Every structure is written in structure tokens, then in C-alpha cells.
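**Q** how would this look folded up:
(one chain, ligands or ions: 1)
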Amino acid sequence: KLAEQLGVSRNTVVRAYGELEAEGFIASRMGSGRYVEALPPAPGIRRIDWNSRHGYESLAASPSHMADLLGVTDRYPDTINFAHGDGGKHTLASSRFSDYVKATAEELPSYYFTSVQGLPHLRELLVEWMGMEQVSSPEQVTITSGSQEGLYLITTLLARPGDCIVTEMPTYFGSLQLFQSLGLQIVPVPLDADGMRIDVLEGVLARCRPRFLYTVPTYHNPTGRTLSLERRKRLLALSERYGVPIVEDDAYRHLHLAEEPPPPLKALDETGSVIYLNTFSKLLFPGLRIGWVAASRPFVRLLTRLKELSITTNTLGQLAVAAFLRDGALLPHLADARRQYAEQAAIMERHLERLRPLGIRWERPAGGFYFWLSLPEEINPRRLMTLCREQGVLLACGDMFLLREAEQPYIRLCFTHERPEQIDRGMAIIARLLHDRKEM
Ligand code: PMP
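**A** Prediction:
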């Protein structure tokens, strides 16, 4: 309308709005239009240009996938959510975790703060929970605000902008965004059915001497693949030979659908080169923001110095988790959750089977939360994602997990978040859109 009134093209108006927004004069609010945020400064007054004030060009240049994904349910409530990687409210309700939160809230005044490293009692319980000879003391553990903060601290400690790090490709988008935002050079290593290709890695390590290697060796996000025991040993041998620390992100270890996975790299680590990360985000729920880092004492001491700069992790959550673990409530909760996840995965896979004739391919994951779908080349996954969202179904686009847009388009579907009836409804919508491909 404005374009018509002004007698200019629509593109000119869109561009002008974009510039005003970039300069902070206007802001758009979803569903309700654009608003004036600030008036232009009076003559002689200098407005601070925040975009040129910060030291992180790479931050501004990197995609903002995490914010997009987290904000999507606020913008689109009441949708069927195959996009988020979490265990779903239904499994959480049966865990009775909220009873522990209530009881803990009453004890809270006596725990005004805990140490920077995290509640000592929780760290002791975590040492017991991990059950690894290599992590025998609570001094080797620091509690973090989710494992993402752990990875942020580790990365800040070990690498500077321009440094090189190695990771599987595709990989967990939160790690990719973190490395890109901090200006690191990411050297990708492909995966096959047995996880990271160690034969390829050897050449990579010889060539680029990375600051560290980041891996999700067990039920990898997004592919669901697991590094075989034999490759775990070869990976450790290479890390020792080249002196490269390994950051092992073990978020999905306890979420096997059938038999248990091989031991963590940390449990095979003879030289202390593995930094182990885990989280209650997948064991309970991600909004809890409680994860942990376990490593050799000197590294944990350093990490805790850095953590100190943002004080500590929330005490209420730490106390509730500690009480939950102390009562032995986590194991039965996980057994129950795994049973439900296996049923949900089977339902989703039945729907996927019907899509096979359309050229959709996937591997059945042995654990974790996701199906990683390869789509026929002519399908645009971003377009599919938008069409699905308009019909009330959220999914994660594969390009978030890749450095460059792959030739083959992918999407990731989480099978753990929704109950069976919702999986049926959501998959029927996806199937209808894929069958009726002319819009893509
Ligand atoms: N690592 C992996 C492999 C993940 O999939 C996720 C969550 N999607 C995280 C880390 C983030 O965990 P947290 O919520 O504890 O920060």
C-alpha cells in the first residue's frame, strides 16, 4: 500500500524498511507490523553505532539458527513440533521431577549460592553416575548452564579467532554456530555408518594441527550414527600422536533404543586428552540449563576460572537434580522414556516407509532423538519447511547442520518430542505436501 501511495516499487519500500531497521530506527513485531524505536538524533549529537563497536565480525556474519529455532514455538504455538531436540512434556510429567523442584524450593534459603564449580554433592553424584575410572573425583567436574555453555567455555579457552578445529560434518548446529561465531576455521570430516571417518581424519590432523577435535560419537546429532569401538581406539591413538584434545559431547548416551552403545571415549582415555561434556537437557528437559564438563584436574581448574566470570549455575536446578539423582529416580525415568521413544520412533518410521517411493532415504537410528532424511534433489528443504510450518508442523532444515549447502537436501525430524497421535497427524501433513510437490 505504501509503495502505491509513494509511487515507488515494492522493493524500494522493503529495502528502505530494512535500512531503517538495521540502523535501529524501527523494529518489526511479528504479526503486528513495524514500530518506530528511536528518532534520528538532533544535529550535533552522535549516535553510537553498535554494529561497528564490537570486536566480533564473525558473530554478526554467522547464522542465528539457535535463536530461530528456540523462538519458533513462541511465534507458532500449538504446532506439531519435530524441530526441537527434547524428550517431550509427556515423558517429563511421568518422571515426577517437578515434585523435586517444589521440595527443593523450600530448602533454598539455606543455599543462597553454591560454589563456582557447582554444588559439591551434585558433582559427587555425577562422578558416580558416569562410573569412569578416568573421572574419580568431584574436582574433575564443573557444572555449567547446559552443555552449550560448557562448549563455549572450552572453545574460548582452547582456541582464538582464526584457529582451526575439526569436527564431523554434518554436526550439531549449536556447535557449528558457536565455532563460526567465534571466528574459527572449521575443518569437516565426513561420517559413514560407523561414525567419523578416521582414515580421513588422519590426513586432516597431519595437515592442519587443530586446537581441538569436537565430536558427538554416540547417536550423533543429526545422523544418529555411532562411532564403533575399534574407531574409538584409533581416534584416541591419533589424538595422542598429534597432541590434539578431544571434546566428546555425549548428550545422547543414555537414550539408546536397543542395546547399549560402546563406552565413552573418556572411559578409554589413558592420557587425559578427552574433555567430556554431558547434559540434563536430554535426560530431563533443556530449559533446566544444567550440564557438566568432566576432564583432567588442570583443565577443570582453568575452565572453572573462566566460569567464575559469569559466577555459577542456577542453584535451584542443581539442588533439584541432585535430589532426583540421590533418590535413584533418573534410571527408572530413563527406562520409561526410552520405552516411549522406541514406540514413537517406530510410528514415525512406519510413515517414512510410505515415503520411500518418493525417493526419501534414512537410516534407523540406534538411539538419540532424530531421523535424518535425505530428500530427492529437486525438493527444496527450506520451502518444504515453510510449507509445513504453514500447516502447523515444525521441522529442522538440514542446512543448519552443514557448513555449506549440501548438494543433497536434508531435513531432521525429532521423534521424541510429540506423542504418537501428534506424530501420526504431523507425518500425514508432511506426506501430503511431499506427494503434492508442485509447490516446491
Ligand atoms: N550437544 C548436542 C549434541 C545436542 O544435540 C544439544 C542439544 N540439541 C546440546 C549439546 C545442547 O545441550 P544443552 O541444552 O545442554 O546446552
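**Q** From the centroid of this protein, which residue is nearest?
**A** Gly174 (4.5 Å; Cα atoms, centre = their mean).
**Q** Strand partners (parallel or antiparallel) of the strand of greatest length in the chain?
**A** Ranked by residue count and defined by DSSP state E, the top strand of the chain is strand 185-192. Strand pairing for strand 185-192, using DSSP bridges, gives strand 164-169 (parallel), strand 195-196 (antiparallel).
**Q** ok, residues contacting the first one?
**A** Outside strand 164-169, the residues that touch it by Cβ atoms under 8 Å, 6 or more residues apart in numbering are 155, 159, 175-176, 179, 184-191, 195-196, 201, 204-205, 208-216, 220, 244, 402-403. From N, CA and C alone the C-beta is placed, and that goes for glycine too.
**Q** how many other residues sit next to Glu390?
**A** Neighbours of Glu390 under the rule other Cβ atoms under 10 Å: 11.
**Q** Could you list the low-pLDDT ranges of the protein?
**A** Along the chain, segments meeting pLDDT under 70 span 30-31, 111, 405-407, 438-440.
**Q** What residues does the stretch 201-350 of the chain have near the ligand?
**A** Val216, Asn221, Asp249, Ala251, Thr279, Ser281, Pro286, Gly291 (Cβ under 6 Å from any ligand atom).
**Q** contacting residues around the first one?
**A** If you count contacts by Cβ under 8 Å, 6+ apart, Val216 has them with Glu168, Thr171, Tyr172, Asp249, Asp250, Ala251, Tyr252.
**Q** now for the strand or helix carrying Tyr152, which elements pack on it?
**A** Here Tyr152, judged by DSSP states H and E, is contained in helix 146-158. The contact analysis (3 or more Cβ pairs under 8 Å, 6 or more residues apart in numbering; DSSP states H and E) places helix 146-158 against strand 141-144, helix 173-181, strand 246-249, strand 274-279, strand 291-294, helix 297-308.
**Q** which outside residues touch it?
**A** 142, 144, 165, 174-175, 178-179, 182, 184, 211-212, 214, 245, 247, 249, 251, 275, 277-279, 281, 286, 289-293, 302-303, 306-307, 313.
**Q** Return the set of buried residues in that helix.
**A** Gly146, Ser147, Gln148, Glu149, Gly150, Leu151, Tyr152, Leu153, Ile154, Thr155, Leu158 (16 or more other Cβ atoms under 10 Å).
**Q** can you narrow those residues to ones near the ligand?
**A** Applying Cβ under 6 Å from any ligand atom to these, those adjacent to the ligand are Gly146, Ser147, Gln148.
**Q** Redo the residues you listed as JSON lines? Include distance to Pro357.
**A** Converted to JSON lines, these look like this (distance: Cβ to Cβ, whole Å):
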{"residue": "Gly146", "distance to Pro357": "41"}
{"residue": "Ser147", "distance to Pro357": "39"}
{"residue": "Gln148", "distance to Pro357": "39"}
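**Q** Which member of these is positioned nearest Lys1?
**A** Gln148 (43.0 Å; Cβ to Cβ).
**Q** re the thing from before, which of the contacts of Val216 lies closest to Ala42?
**A** Tyr172 (48.0 Å).
**Q** Would you agree that closest one is in contact with Val247?
**A** No - contact between Tyr172 and Val247 fails when scored by Cβ atoms under 8 Å: they sit 11.6 Å apart.
**Q** so how far is the ligand from the nearest residue to Leu39 once chain neighbours are set aside?
**A** Among residues not flanking Leu39 along the chain, Phe25 sits closest, at 7.6 Å (Cβ to Cβ, 6 or more residues apart in numbering). From Phe25 across to the ligand, the span is 35 Å (Cβ to the nearest ligand atom, to the nearest Å).
**Q** State the number of residues packed around Phe25.
**A** With other Cβ under 10 Å as criterion, Phe25 counts 15.
**Q** and it, what does it touch?
**A** Per Cβ under 8 Å, 6+ apart, neighbours of Phe25: Val36, Glu37, Ala38, Leu39, Pro40.
**Q** ok, these vs the ligand, which is closest?
**A** The nearest member of those to the ligand, counting by Cβ to the nearest ligand atom, is Glu37 at 31.2 Å.
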